[in-house]
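S.K.: heads up, no residue letters with this:
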Ligand SMILES: Cc1ncc(CN)c(N)n1
């Protein structure tokens with residue numbers, strides 16, 4: 001069995017809780033409170049800077065130039081790609097970048113990013129990909145599932161969010177990360193695999209916590 005298949009199965013019950021979370025369901029049926037989405041957006045914008053830093057650790061730690069370029073391209077894809085959608089929503093809501101930086105990250109957010117950063121600092125490229133993969137992959141799956149709901153991707157407000165994560169660019173970037181995880185884990189021992197699984201499952205738990213943070217407006 002592929003490493004990523006094992007990881008997926010290990011985190012599957014948590015991912016199903018993410019799909020069933022009222023925040024995610026609310027995006028899908030358009031009923032989500034704007035205040036909750038706005039809080040999510042602010043927290044997620046802050047989150048993405050640290051998420052990009054996790055990839056930046058990969059640039060530092062990769063020995064292979066091609067792998068270095070892959071990590072670097074992902075830093076770019078976050079700062080210049082995924083965050084564009086956030087900036088578009090911020091413009092629609094009249095929020096400036098300065099206002100975002102004045103917001104304190106919620107502890108669920110801070111704990112998540114610091115966990116990823118500590119895994120990246122202590123580990124190598126495989127641990128780094130394990131730390132970012134549940135983030136990238138779970139959103140790819142959420143985007144696809146929400147886009148399959150009739151009319152959801154055309155919603156005048158939440159449609160853009162759904163289309164961005166269900167879209168080809170995001171899906172392709174995620175597919176490449178899934179493939180990279182399998183490549184980096186090739187030939188690893190069972191103990192090494194267990195460490196990757198521990199990181200992947202913990203990050204999935206943090207993903208669920210992030211939805212809850214936004215839903216409860218955790219300060
Ligand atoms: C918390 C979180 N997790 C995942 C993603 C998708 N990159 C995100 N934007 N934010």
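M.R.: That came through, no problem. Everything numeric here is computed off the predicted structure, so don't read it as measured data.
S.K.: And the residue nearest the centre of this structure?
M.R.: By CA atoms, centre = their mean, the chain has its centre lying nearest to residue 135, at 2.7 Å.
S.K.: who touches that one in this structure?
M.R.: Neighbour list for residue 135: 51, 203, 207 [criterion: CB atoms under 8 Å, 6 or more residues apart in numbering]. For the C-beta atoms, the positions are set from N, CA and C on the backbone; glycine is no exception.
S.K.: And the ligand, is the strand or helix carrying residue 5 touching that?
M.R.: Secondary structure from DSSP states H and E places residue 5 in helix 3-20. No: with CB under 6 Å from any ligand atom as the criterion, the ligand is not reached by helix 3-20; the gap is at least 9.6 Å.
S.K.: For the helix or strand following that helix, name the packing helices and strands.
M.R.: Per DSSP H and E, helix 3-20 leads on to helix 22-29 as the next helix or strand towards the C-terminus. Counting contacts by 3 or more CB pairs under 8 Å, 6 or more residues apart in numbering; DSSP states H and E, the secondary-structure elements packed against helix 22-29 are helix 34-61, helix 125-147, helix 159-166, helix 190-215.
S.K.: Can I get the ones you listed in TSV including mean pLDDT and distance to residue 88?
M.R.: Compiled in TSV, those are given as follows (pLDDT from 0 to 100; distance: least, CB to CB, whole Å):
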stretch	mean pLDDT	distance to residue 88
helix 34-61	98	10
helix 125-147	98	16
helix 159-166	98	7
helix 190-215	98	18
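S.K.: Of these, flag the one that's most buried.
M.R.: helix 125-147 (a mean of 23; mean count of other CB atoms under 10 Å).
S.K.: still on that earlier bit, by neighbour count, which bits of the helix holding residue 5 are buried? Give me those.
M.R.: Neighbour counts over helix 3-20 (16 or more other CB atoms under 10 Å) mark 3-4, 7-8, 11, 14-15, 17-18 as buried.
S.K.: Return the member of those nearest to residue 165.
M.R.: Closest approach between the buried residues of helix 3-20 and residue 165, by CB to CB: residue 18, at 12.7 Å.
S.K.: doesn't residue 51 make contact with residue 113?
M.R.: Yes: A contact is recorded between residue 113 and residue 51 when judged using CB atoms under 8 Å, the distance being 7.0 Å.
S.K.: Up against the ligand, what does this structure have?
M.R.: By the criterion of CB under 6 Å from any ligand atom, the positions of the chain lying close to the ligand are 44, 47-48, 82, 135-136, 139, 207, 210.
S.K.: Please produce a markdown table containing the residues you listed, extended by distance to residue 168.
M.R.: Conversion of the residues of the chain next to the ligand to a markdown table gives the following (distance: CB to CB, whole Å):
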| residue | distance to residue 168 |
| --- | --- |
| 44 | 21 |
| 47 | 24 |
| 48 | 20 |
| 82 | 14 |
| 135 | 19 |
| 136 | 15 |
| 139 | 14 |
| 207 | 23 |
| 210 | 25 |
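S.K.: and of these, the nearest to residue 175?
M.R.: Nearest member of the residues of the chain next to the ligand to residue 175, counting by CB to CB, is residue 136, at 9.7 Å.
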